[in-house]
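Asker: show me the folded form of this:
(2 chains)
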Amino acid sequence: MSAVAAAGERLYRKLAPSYEQEYGKYLAIDVDTGKAYLAGSPQDALRLAESADPSGSFHLVRIGFQGLYRVASYGQRLAR
Amino acid sequence: MANASLDKNSRPITTIIVVGPKGEKTLTAIIDTGFDGFLSVPSTELQEVGLPGDITITGTAVLADNRAISVQLCLATIRLDREEQVGMCIISSPIGDAFVGMNFLLAFHKKLIVDATNGYADLVRSDYMTRSEETA
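Answerer: Coordinates of the predicted model:
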């Protein structure tokens, strides 16, 4: 796991209880500042985060889900 | 004209154009209904159009065996027919296929028709159905 993703997951574990009511929505977490930006789509969450910190590093999560995406079939190739 | 077809392995495919800051690239993408995201494209194809940009974006993808892996992402503009949509794109390994997922069909308001027996597939406009139409 990349350093950005690992830091993002650590931050999300701390933030998750505050966002339990937002099941299914998306968070863009700025791994440098720890700030999180909530939206109904990953691209909208990212736009909010990027407008606050145009040079930031961001980790995207879907609230209440194991991952941002489920990649059931051809996605096995992503793991190579 | 149909904008999807079946490849030699009977997988539904479509032709998309990736629009980036350094140009455009036409790609054949597998339509993967087991992928709930928008798009996944090999890094080499994205680099040709100037993607990703300077910022680092990561996320987690869950595979069929429930393993979670981290992936790099970028925002990508995609053209299908004459319509453009912006969505998150997984930057995949240099060797591999491009594929589009369920969020792609949702963004472009398309439904996938597959007739494997006759070697036919198409992506057609999907309009919202009323409840009575769904149950008719």
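
Asker: only C-alpha atoms from now on, for both contacts and neighbour counts.
Answerer: Fine.

Asker: lowest-pLDDT helix or strand in chain B?
Answerer: Least confident helix or strand of chain B, by mean pLDDT, DSSP states H and E, is helix B:131-135 with a mean of 63.

Asker: flag the shaky bits of chain A, pLDDT-wise.
Answerer: Where chain A drops to pLDDT under 70, the residues are A:1, A:73-77, A:79-80.

Asker: typo on my end, it should be chain B
Answerer: B:1, B:129-136.

Asker: spell out which residues of it are next to chain A.
Answerer: By the rule Cα under 8 Å from any Cα of the partner chain, the part of chain B lying against chain A is B:32, B:34-37, B:54-64, B:68-71, B:75, B:86-88, B:92-93, B:96.

Asker: beyond the lengthiest strand in chain B, next helix or strand please.
Answerer: Once chain B is assigned using DSSP state E, the strand that runs over the most residues is strand B:68-80. Sequence-wise, the next helix or strand downstream of strand B:68-80 (DSSP states H and E) is strand B:83-92.

Asker: residue contacts, the residue most central in space within chain B?
Answerer: Nearest residue to the geometric centre of chain B (Cα atoms, centre = their mean): residue B:100, 1.7 Å. Residues near residue B:100 by Cα atoms under 8 Å, 6 or more residues apart in numbering or on different chains: B:29, B:30, B:31, B:32, B:35, B:37, B:38, B:39, B:40.

Asker: how many neighbours does residue B:74 have?
Answerer: The local packing of residue B:74 (other Cα atoms under 10 Å in any protein chain shown) involves 22 other residues.

Asker: wait, it touches residue B:90, no?
Answerer: Yes - counting by Cα atoms under 8 Å, residue B:74 does reach residue B:90; the two are 6.7 Å apart.

Asker: against residue B:117, how distant is the residue nearest the centre of chain A?
Answerer: Nearest to the geometric centre of chain A sits residue A:60, at 1.7 Å (Cα atoms, centre = their mean). Per Cα to Cα, to the nearest Å, residue A:60 is found 40 Å from residue B:117.

Asker: got the end-to-end distance for stretch A:27-34?
Answerer: Counting by Cα to Cα, you get 12 Å between the two ends of stretch A:27-34.

Asker: which stretches of chain A form helices?
Answerer: Under the criterion DSSP state H, chain A carries helices at the ranges A:3-15, A:42-52.

Asker: can you give me the neighbour number for the closest residue to residue B:21 other than its chain neighbours?
Answerer: Closest residue in space to residue B:21, ignoring its immediate chain neighbours: residue B:50 at 5.5 Å, by Cα to Cα, 6 or more residues apart in numbering or on different chains. Per other Cα under 10 Å, the neighbour tally for residue B:50 reads 14.
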